[in-house]
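Chemist: Turn this into a model:
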Amino acid sequence: MAHIHEKIDFTVAIFVVHKNKILLIHHRKLDKWLPLGGHIELDEDPEQAALREAKEESGFDVELLGERPPTSEAGTRALIAPRFLDIHRITDTHEHIGMIYWARPKNGTLTLASSEHHDIRWCSSDELDSLQPQMANAVKWYCRKALQEVQGPESKV
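Modeler: Below you'll find the predicted structure:
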């Protein structure tokens, strides 16, 4: 997707955890290992963007994890809060404000989006250090934090 603004865009990153592994993609254009994610489009909210990006990039429908306050009413819809927010530089003149979600796969079949990625794979915490090209320290921290925090019933995927 084209940038919505020349200086800054809003994005989502979805750290999907299943059986003590995290789902990562090797991004074709950026040549980096990353979580699922992408730009929030003008006609969607962050939750919709996260669900869409997860499906497009992995083939999975996911369950976003987090708290949704009980404040929905006419004209207001409460959203699941991202686990973290960050801002990261893309070029000398462009940044992304990232909304970082934890998720579990609900259903679907793992599928490589070959036009966007070289590879897609489940990685354990130990495997993060041996990925090539090397993963950015911030992304590695988020991966390990998601693996540490996402416990409980696993999906049937």
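Chemist: Show me what secondary structure element comes after the lowest-mean-pLDDT helix or strand in the chain.
Modeler: The helix or strand of the chain with the lowest confidence, counting by mean pLDDT, DSSP states H and E, is strand 84-91 at a mean of 93. As assigned by DSSP states H and E, the chain's next helix or strand after strand 84-91 is strand 94-108.
Chemist: Remind me what that next one packs against, helices and strands.
Modeler: Contacts defined by 3 or more CB pairs under 8 Å, 6 or more residues apart in numbering; DSSP states H and E place strand 94-108 against strand 8-18, helix 46-58, strand 60-65, strand 84-91, helix 137-149. Every C-beta, even on glycine, is put in place using the N, C-alpha and C of the backbone.
Chemist: go again using 10 Å as the cut-off
Modeler: Other elements packing on strand 94-108 under the criterion 3 or more CB pairs under 10 Å, 6 or more residues apart in numbering; DSSP states H and E are strand 8-18, strand 21-27, strand 36-39, helix 46-58, strand 60-65, strand 84-91, helix 137-149.
Chemist: Alpha carbons only: can I get it in CSV?
Modeler: Provided in CSV are the C-alpha atoms of strand 94-108 (Å, rounded to 0.1, in the frame of the first residue of the first chain):
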residue,chain,number,x,y,z
HIS,A,94,9.4,8.9,6.9
GLU,A,95,8.4,7.1,10.1
HIS,A,96,5.8,4.5,11.2
ILE,A,97,3.8,4.5,14.5
GLY,A,98,3.4,0.8,15.2
MET,A,99,0.6,-0.8,17.1
ILE,A,100,2.0,-4.1,18.3
TYR,A,101,-0.4,-7.0,19.0
TRP,A,102,-0.1,-10.5,20.4
ALA,A,103,-2.3,-13.1,18.7
ARG,A,104,-3.1,-16.8,18.4
PRO,A,105,-4.0,-18.6,15.1
LYS,A,106,-7.7,-19.6,15.0
ASN,A,107,-7.9,-21.4,11.7
GLY,A,108,-6.5,-21.5,8.2
